[in-house]
Each structure stands twice: as structure tokens, then as C-alpha cells.
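Peer 1: Got a sequence here, can you model it:
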Amino acid sequence: MGTSTSTVGQLLWQGPVCMRWKQDLEGAVYHLANCFLLLGFMGGSGVHGCFYLFGFLGTGCLCCVLWGWFDACGLDVVLWSFLLAVACLLQLAHLVYRLRVDTLPEAFDLLYKTLWLPLQVPLHTYKEIVLCCQEQVLTLATEQTYAVEGETPINRLSLLLSGRVRVSQDGQFLHYIFPYQFLDSPEWESLQPSEEGLFQVTLTAETECSYISWPRKSLHHLLTKERYTSRLFTVMLGYDISEKLYTLNEKLFAKFGLRFDIRLPSLYHVLGPSASDGGPESEKGEEDGCEPATCPAPVVPTSVQQAPPRSPHPAATNPPAPLSQARMSRPDSGILASRTPLQNSSRTAARVQAPLAPVHTPEL
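Peer 2: Residues are numbered from 1 along each chain as shown. You can find the predicted model right below:
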């Protein structure tokens with residue numbers, strides 16, 4: 001035991017004694033090999049760092065093979081250096097293969113960098129989403145319809161990549177859909193996985209458009225299996241629907257000058273044509289030809305309060321009692337206030353049958 005301990009100590013502290021040092025230095029290939037090895041060990045992490053590391057290490061090992069063959073003339077030096085060089089080359093080939101497999105088509109790569117990468121979605125999760133749509137990019141020609149109201153079934157979810165799509169109902173324009181917005185997010189959220197339905201709006205391409213589409217069953221299967229992906233789509237669809245609602249709200253503000261609560265149902269009825277453009281109630285009121293003072297008082301919804309009437313007609317015997325002035329909350333209140341009392345009465349009577357929203361709805 002004591003003998004082995006003394007031998008180890010001699011090797012550590014004293015080391016082997018060289019009988020004779022070489023007078024000549026090694027050749028340039030030997031020093032070049034060590035320079036490449038030094039640079040290789042300074043490599044970083046990541047894909048590019050691995051390329052840097054194994055590239056310089058492989059080159060240094062090849063230089064060691066040449067040094068062992070021409071200068072050292074040692075078979076063991078040549079064999080070990082050759083094995084290390086082959087290992088580095090295999091690592092480089094594996095990295096190239098992985099990069100080629102992970103490469104996405106140009107459209108999907110741009111989509112990932114624009115929409116999914118800011119949300120810090122992992123690349124492997126994004127690949128599962130892309131595989132669900134079969135990596136296909138679909139196109140729409142100008143004025144080609146993506147969906148027709150009352151005819152097209154809701155059996156997919158699509159995301160617009162380029163172009164602009166017009167959304168309308170009964171020929172009335174509602175809003176536009178721009179790139180990186182869902183085409184049918186409201187329809188997707190309106191149905192359960194086991195339900196079926198039809199589009200309530202018409203989607204028409206105003207320019208040449210490209211989009212990707214997920215089949216309904218395949219996407220539901222993916223969302224059921226992957227909880228993270230399900231939450232991700234819930235957030236993205238909710239944001240997309242809110243953007244569409246605010247777009248409608250801005251359109252109403254630009255048309256009527258009033259802010260509406262986006263939680264009000266049936267906002268489309270505000271965007272539709274006015275009742276005087278062919279409504280039977282307004283035509284009937286104009287044909288009657290009764291005087292404002294003798295006609296019965298029109299029925300006014302509780303959500304609408306009229307301004308004080310003008311001075312009564314001279315022939316009136318029982319002038320109506322003045323109403324208290326208040327702020328009008330109906331979207332066409334500015335139009336009603338600028339018309340005559342007879343037009344106001346017929347227009348209000350036409351609007352009574354389809355109220356815009358429940359009464360006492362809080363306003364923004």
C-alpha cells in the first residue's frame with residue numbers, strides 16, 4: 001500500500017524525467033491543428049454555436065491526422081485523430097438534417113414570426129397546429145365568396161394571410177377582414193363541437209387573398225388533446241371577435257355620432273336601411289294624410305325620449321302635453337330631431353316593431 005502511494009506521489013509531484021528534449025519544434029500543421037482546437041472550444045450554445053464548435057473541432061482533428069501521418073509517424077496518433085474528426089463530421093451532418101426537417105414553408109414561417117412568435121409559442125407546438133391544416137395555403141380570387149349566408153355550413157376555421165375580405169349581410173356592408181385575422185371566428189365560437197350551423201353573413205374577397213384553413217373535427221381533436229393549444233386558440237379567437245365588435249362600434253359612431261355599448265345585441269339592425277326606404281308602415285302613414293294634431297300619439301319605446309314638440313297647430317283643440325327633454329339614446333335620434341313631427345311619428349312607429357336592444361341598457 002505504501003509503495004503504490006509513493007509511486008502516485010512521485011508521478012504527481014516529480015513527473016517522468018525526460019532523458020532528452022527535442023531540439024526541433026513540431027511542424028506548422030501541428031500548430032495549426034491546435035489553433036483550430038482552441039477556436040473550437042470557444043464556441044457557444046444553440047444551433048449556430050454547435051455549427052461553430054464542431055466545425056472548428058473537426059478541422060483541428062483533420063490537421064492532427066495530417067501531422068501524425070507526415071511528422072509524428074505514429075499510427076495511434078493518426079487513428080485517434082481520425083475517429084475524432086469523423087465524430088465531428090457526423091454531428092455536423094445531424095445538425096444539417098435537423099435544420100432541414102424543421103424548415104417551414106415561406107408563408108408559414110412568416111406567419112409564425114408575425115403572429116405566434118410574439119406570443120412565445122414553442123416551435124414544436126406551432127408545427128402541430130400547421131400539420132392540422134395539412135400545410136396547405138388556399139387562395140380566393142377577386143370577388144370570390146368564401147361563405148354565403150344561409151348556405152355555407154360552418155365546418156372549418158380559417159385565418160387570412162394576405163388580401164382583404166368584405167363581410168356583409170343582406171347586401172349591407174358590415175366590416176372588413178384584414179391579414180392575420182380569422183375569417184369565421186364568431187361562427188366558430190357560436191357552435192359547440194357536436195352542433196352544426198350555417199353562416200349568417202357573406203364573406204367576399206375584394207382582392208386576391210390567401211388563407212389557411214383547419215377542418216373543424218381535426219382542430220377540435222387537437223384542442224381536446226393539447227390543453228396549451230386550446231388556451232392559445234381561446235385567447236386569439238376572443239381577441240379577434242372583440243376587434244370585429246369594436247370595428248362595428250366605430251362604424252356606428254362614424255354614421256350617427258354616438259357611442260354604443262358593444263354588448264348590445266342585433267347591432268346589424270342599426271346598420272340596415274332606414275324604414276322609410278320602402279317600409280310598409282311609413283308608406284301607410286304617408287297615405288293616411290292625417291294632421292299631426294289629430295293623429296293618435298305614436299307608441300314610443302321606453303329607451304327613447306323625444307324632445308319637446310313645436311307649437312301646436314292652430315286648428316288643434318287639445319294640444320298634447322309637453323314631454324320632458326332628455327338625451328336620446330337611439331342611434332337615429334339625430335336624424336329624428338332634424339325631421340318634421342309627421343316624419344318623426346311615422347319613423348318612430350316603424351322602429352317600434354324591432355327594438356334595437358333591451359331597455360335600461362347601460363351606455364359606454
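Peer 1: any low-confidence regions in this structure?
Peer 2: The chain contains residues with pLDDT under 70 at 1-18, 251-364.
Peer 1: any chance you could map the helices in it?
Peer 2: 2-9, 28-40, 46-67, 75-102, 106-111, 123-132, 185-190, 216-225, 227-256, 268-271, 280-288, 333-337, 341-352 (DSSP state H).
Peer 1: Throw those helices into JSON lines and include distance to Leu160 and mean neighbour count, thanks.
Peer 2: Where C-beta positions appear, they are placed from N, C-alpha and C, glycine not excepted. Listed next are the helices of the chain as JSON lines, based on distance: least, C-beta to C-beta, whole Å; neighbours: other C-beta atoms under 10 Å:
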{"stretch": "helix 2-9", "distance to Leu160": "74", "mean neighbour count": "8"}
{"stretch": "helix 28-40", "distance to Leu160": "47", "mean neighbour count": "16"}
{"stretch": "helix 46-67", "distance to Leu160": "32", "mean neighbour count": "18"}
{"stretch": "helix 75-102", "distance to Leu160": "26", "mean neighbour count": "14"}
{"stretch": "helix 106-111", "distance to Leu160": "11", "mean neighbour count": "15"}
{"stretch": "helix 123-132", "distance to Leu160": "16", "mean neighbour count": "15"}
{"stretch": "helix 185-190", "distance to Leu160": "11", "mean neighbour count": "18"}
{"stretch": "helix 216-225", "distance to Leu160": "16", "mean neighbour count": "15"}
{"stretch": "helix 227-256", "distance to Leu160": "10", "mean neighbour count": "15"}
{"stretch": "helix 268-271", "distance to Leu160": "22", "mean neighbour count": "16"}
{"stretch": "helix 280-288", "distance to Leu160": "40", "mean neighbour count": "13"}
{"stretch": "helix 333-337", "distance to Leu160": "35", "mean neighbour count": "15"}
{"stretch": "helix 341-352", "distance to Leu160": "36", "mean neighbour count": "19"}
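Peer 1: between these, which gets nearest to Asn155?
Peer 2: helix 216-225 (4.9 Å; C-beta to C-beta).
Peer 1: The closest one packs against which elements?
Peer 2: helix 123-132, strand 156-162, helix 227-256 (3 or more C-beta pairs under 8 Å, 6 or more residues apart in numbering; DSSP states H and E).
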